[in-house]
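J.: Just to be clear, the model below is a prediction. Sequence and coordinates:
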Amino acid sequence: MKIKILSQKYNPLLKRKEVVFEADHSQEGQTAPRLELRKNLANMLQVELDLVFVEKVETKTGTTIAIGEANAYETPEQAKLVEREHIITRNISLEKAKEEAEREKPKTQEPEEKKPIKEERTEEAESKKEFAEEATSASETAKEAKEEKKEE
């Protein structure tokens, strides 16, 4: 696979290099995976792999040339601040994704005690009845107060 950088622009506000590239994948026969594109772009831009995020890759119809956009950040923290979550997820390798999923999952997860659905519904119905009763009693007292004022 041959990668050619078409344009490269530094964005000081977001602290990143914004790159438009062209990837010729005639030898592979299919569009290159994001991980492979990231590795090649990281080498060309002379940055670490974790700082490069491929935003999109589109193969032109009927050709073996793909046009893509990527961002190379100065720090991983800046990348997490700026880059959208789904782009970060797409650019993580499968091994890292599995590791992160295992880390996020609690080791021993005890099931929570749940109330039966019928009990929840009856409690909710009772609270609605109480609210309705309070509202009707309030409206009745308001009516009584109006009648007293009229009588005076």
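T.: Nice, thanks for sending it over. Numbers count the residues shown, from 1 in each chain.
J.: Every contact and neighbour count from this point should use C-alpha atoms.
T.: OK.
J.: Check the gap between residue 81 and residue 144 for me.
T.: Separation of residue 81 from residue 144 (C-alpha to C-alpha, to the nearest Å): 61 Å.
J.: Residue 132 now?
T.: Applying C-alpha to C-alpha to residue 132 and residue 144 gives a distance of 18 Å.
J.: Domain ranges for this structure, per the record?
T.: 2-96, 114-152 (automatic domain parsing).
J.: Could you give the average pLDDT over the longest one?
T.: Taken as a whole, domain 2-96 has an average pLDDT of 90.
J.: Also the last one?
T.: Over the span of domain 114-152, the pLDDT mean works out to 71.
J.: Strands of this structure, start to end?
T.: Using DSSP state E, the strands assigned to the chain run over residues 2-11, 16-24, 52-59, 65-73.
J.: Nearest to residue 39, out of these?
T.: Of all the strands of the chain, it is strand 52-59 that lies closest to residue 39, at 8.4 Å by C-alpha to C-alpha.
J.: and the closest one with strand 16-24, angle?
T.: Orientation of strand 52-59 against strand 16-24 (axes from the mean of the first three to the mean of the last three C-alpha atoms, to 10 degrees) gives an angle of 40 degrees.
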